[in-house]
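K.L.:
I'd like to go over a predicted model; first the sequence, then the structure.
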Amino acid sequence: MGNIAIDGPAGAGKSTIAKIVAKKKGYIYVDTGAMYRAMALFMIREGISPEESDKIEAACENADISIKYENDEQVVTLNGENVNGLIRTEEVSKMASSVSVNGKVRAKLVALQQKLAKETDVVMDGRDIGTVVLPDAPCKIYLTASDDVRAKRRFDELTAKGVECDINAIKKDIIERDHRDMTREISPLKKADDAVFVDCSSMTIEEVAEKVIEIAG
Ligand code: DC
């Protein structure tokens, strides 16, 4: 199978690139972060806080997360509800990073991700795709950019949506989230030994997509 694994820190542009590459190659794009975000939304709704790991473990049994595709778009469902429009807030971002340290949550979502990748060729992005979810993927990319570039991109994205925000607060959040994602015990974010490192700080979207397609062959 020609699966493509893209890992990297928050705001590096993984999903933008993965979507373009998937379209060009005729593969399915799988956004694994969206699954952790749906799980986080479930925990927030249950009134569970990030420190309550016992409650997170117990509650994750009741969160049925799945993926379907509508008009070429990935739709994440949480107990049957389309939650695409509810999982991109800063609150959910933080909670997703916190619930994703939990081994039980990870086991549940990794199994779903591996099942999807078995059924069809995928471009899958996340934090542990090249290291844990698809260790045999023939193409692995570790996509990153400087903290300032990533904060500025997120700031521009939110501003374009009319959301008022502070670039320094965004940068602080990104750094905190990366630290948690990179230092957790289970499946931390790291470059797989056989992944190609791409720093896209001064590259355009088109240049990055072209490079990934070139690497994928
Ligand atoms: O890619 P994202 O920003 O949507 O991911 C949200 C959080 O989910 C991220 O901070 C860490 C977690 N995550 C993970 O632990 N493993 C993945 N494969 C994808 C995301």
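P.N.:
Perfect, I can see it now.
K.L.:
Which residues are in contact with the residue most central in space within the chain?
P.N.:
With distances taken as CA atoms, centre = their mean, the residue of the chain nearest its centroid is Gly33 (2.9 Å). Gly33 is in contact with Ser15, Ala96, Asp125, Gly126, Arg127, counting by CB atoms under 8 Å, 6 or more residues apart in numbering. C-beta: built from backbone N, CA, C; applies to glycine.
K.L.:
Ala192 and Thr131 touch, don't they?
P.N.:
Yes. Look at Ala192 against Thr131 with CB atoms under 8 Å: they come within range, at 4.8 Å.
K.L.:
the more surrounded of the two?
P.N.:
A direct count of neighbours by other CB atoms under 10 Å for Ala192 and Thr131 places Thr131 higher, at 22 against 19.
K.L.:
Am I right that the more buried one falls within a strand?
P.N.:
No. Under DSSP: H, G, I helix; E, B strand; the rest coil, Thr131 sits outside any strand and is assigned helix.
K.L.:
what pLDDT does it get?
P.N.:
On the pLDDT scale, Thr131 is placed at 98.
K.L.:
any idea how far it is from the ligand?
P.N.:
10 Å (CB to the nearest ligand atom, to the nearest Å).
K.L.:
who touches that residue in this structure?
P.N.:
Thr131 neighbours (CB under 8 Å, 6+ apart): Asp7, Ser187, Lys190, Ala192.
K.L.:
ok, now Val149?
P.N.:
Val149 neighbours (CB under 8 Å, 6+ apart): Ser201.
K.L.:
Relative to Ile170, how far out is it?
P.N.:
Distance from Val149 to Ile170, counting by CB to CB, to the nearest Å: 12 Å.
K.L.:
and what of Gly13?
P.N.:
Counting by CB to CB - Gly13 and Ile170 are separated by 15 Å.
K.L.:
now swap in Val196 and tell me
P.N.:
For Val196, the distance to Ile170 - CB to CB - is 28 Å.
K.L.:
Run through who's touching stretch 188-205.
P.N.:
5, 7-9, 12-13, 16-17, 20, 127-128, 130-131, 135, 140-146, 149, 178, 181-182, 207-208, 211-212, 215.
K.L.:
circling back to that earlier point, of the contacts of Thr131, which pair is most distant in space?
P.N.:
Greatest spatial distance in these: Ser187 and Ala192, 11.4 Å, computed using CB to CB.
K.L.:
these two touch, right, Ile213 and Lys25?
P.N.:
Yes. Between Ile213 and Lys25 there is a contact at 7.3 Å, judged by CB under 8 Å.
K.L.:
Flag every residue of this structure that's near the ligand.
P.N.:
Within the chain, the positions lying close to the ligand (CB under 6 Å from any ligand atom) are 10, 32-33, 36-37, 96-97, 100, 126-129, 177, 181.
K.L.:
What strand or helix carries Gly11?
P.N.:
Take DSSP states H and E as the rule and Gly11 turns out to sit in neither a helix nor a strand.
K.L.:
so what's it closest to, chain neighbours aside?
P.N.:
Arg150 (3.6 Å; CB to CB, 6 or more residues apart in numbering).
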